[in-house]
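Chemist: build me a model:
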Amino acid sequence: MQKIRSAIAVLALFLSPVTFSAATELGFKSLNDPSPPPSLRQAAKSVYKVIVALEETPGEVRVMDLDGPQFREFLTKLNALTQEQLTPHERIVVQKQIERCVRDNLRKTCPLFLSFQRGTAFLAGGDGSFLLTNAHIAHRFLQLKSLMEKKSILDLLKEPQFLPIFLFDQSGKLVFDPFLTPPGIIRYGQPSLHALLAGTGWYGDDSDYVVIQLPSPLGQPLKIAKSITASEMLYRPGFASCTGCVAQPNTTDPQLNADRTPHGNSNGRDLYWTAGRSYTLTEAAVFLKAPPKYFENSHQQNWVFFEADAQVGMSGGPILNSRGEVVGVFAGSKPMVSGYGAMKVLSRGVRPPEFN
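Modeler: Numbers count the residues shown, from 1 in each chain. Model (predicted):
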């Protein structure tokens, strides 16, 4: 039910309350641990778990009569699913879709999206009504809408686009229902030549962000950092889907199978954080074993690289400096095993040009 770019791998960095030092143990930190800097605890209040309701194709969208036998059978099967098959948050998203149909007089033709894109989002800039996350969090829904309306995604994005994005806070409480107060995508990353040549479509690795306008302020917006200092410590909070296991071993890239300790499976319900020092583009190219001119055709000023553990579900979360200011939007990671058997991971983010 979930197809999110896999971002598994693994060098955890343990931080003391006063001075910060890197360690080689794998794993994630919880906000309940004693070590988060105060700025991270405060910033985490503006970070949310994301669920976008969608389907792959128009043919997979279920249109039901809420008063008919098919819907009653559907509810019976839905209620029989375990938490592993349908998480509590996903169950809420289904219920909110049903409530919307009742409210909007769609009882006889209620469309239900039963696939979910998970991620992380945060408030930044303005009055607290601007939400940032990854373009790839919104991409599958826009693909669906493109097929249904027979328009290209680029044509759709000439106007603000509704996105069925549900937001949950750290306590698991639903804090934003898009069907009650519709949001709109108002800005999206413009891919560079580098990204277009990679064939990633309307967004690229160096432009993997969207700005969503909420109808009203949701919370305190995070401040934007003016710049990034070489080798400074960066932090990344997010709702990792699994922090202590490898649910589906990867057969094509065994490096992604490294386990983490000490935390168990978070199932995306809790906010965790990781940290690591920032990389220059030269250092990132060396890590990726790429030629020095690898980033030549990209939006070089948009890249943010740092060494930190990552997991599925953290996509779209903020990359923060030690003062709790946003330096970028987390978008993916790449693991690497050195000749000495040590595991490292290069986390990648994008800094929207507006931040500059």
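
Chemist: only C-alpha atoms for contact and neighbour calcs from this point on.
Modeler: Will do.

Chemist: wait, residue 97 touches residue 107, no?
Modeler: No - the pair residue 97 / residue 107 is not scored as a contact, 11.1 Å apart, by Cα atoms under 8 Å.

Chemist: what's the helix or strand of the chain with the lowest mean pLDDT in contact with?
Modeler: The weakest-scoring helix or strand in the chain, judged by mean pLDDT, DSSP states H and E, is helix 193-198 (a mean of 74). Identification of contacts with helix 193-198 by Cα atoms under 8 Å, 6 or more residues apart in numbering yields 203-206, 295-298.

Chemist: buried subset of these as a ChimeraX selection?
Modeler: Selection of the buried residues among the contacts of helix 193-198 in ChimeraX, burial being defined by 16 or more other Cα atoms under 10 Å:
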select :203,204,205,206,295,298
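
Chemist: quick one: residues contacting residue 352.
Modeler: 189, 207, 209, 302, 328-329.

Chemist: any idea of the mean pLDDT for the top strand by length along the chain?
Modeler: As assigned by DSSP state E, the longest strand anywhere in the chain is strand 326-337. Mean pLDDT, strand 326-337: 88.

Chemist: which elements pack onto it?
Modeler: Helices and strands touching strand 326-337, as assessed by 3 or more Cα pairs under 8 Å, 6 or more residues apart in numbering; DSSP states H and E, comprise strand 318-320, strand 343-350.

Chemist: tell me what angle that strand forms with strand 343-350.
Modeler: Here strand 326-337 points in a direction 150 degrees away from that of strand 343-350 (axes from the mean of the first three to the mean of the last three Cα atoms, to 10 degrees).

Chemist: quick one: the most centrally placed residue in the chain from residue 197, how far?
Modeler: By Cα atoms, centre = their mean, the chain has its centre lying nearest to residue 315, at 2.5 Å. To residue 197, residue 315 is 23 Å away according to Cα to Cα, to the nearest Å.

Chemist: next, give phi and psi for residue 144.
Modeler: Dihedral pair for residue 144: phi -60, psi -50, per degrees, to the nearest 10.

Chemist: state the distance from it to residue 353.
Modeler: Distance of residue 144 to residue 353, computed by Cα to Cα: 28 Å.

Chemist: more neighbours: which of these two?
Modeler: residue 144 (18 against 12; other Cα atoms under 10 Å).

Chemist: can you pull out the helices in the stretch 151-300 of the chain?
Modeler: 153-156, 193-198, 281-287 (DSSP state H, counting those that start in this stretch).

Chemist: the residue lying closest to residue 228 once chain neighbours are set aside and residue 227, how far apart?
Modeler: Counting by Cα to Cα, 6 or more residues apart in numbering, the nearest residue to residue 228 once its immediate chain neighbours are dropped is residue 327, at 6.8 Å. As judged by Cα to Cα, residue 327 and residue 227 stand 7 Å apart.
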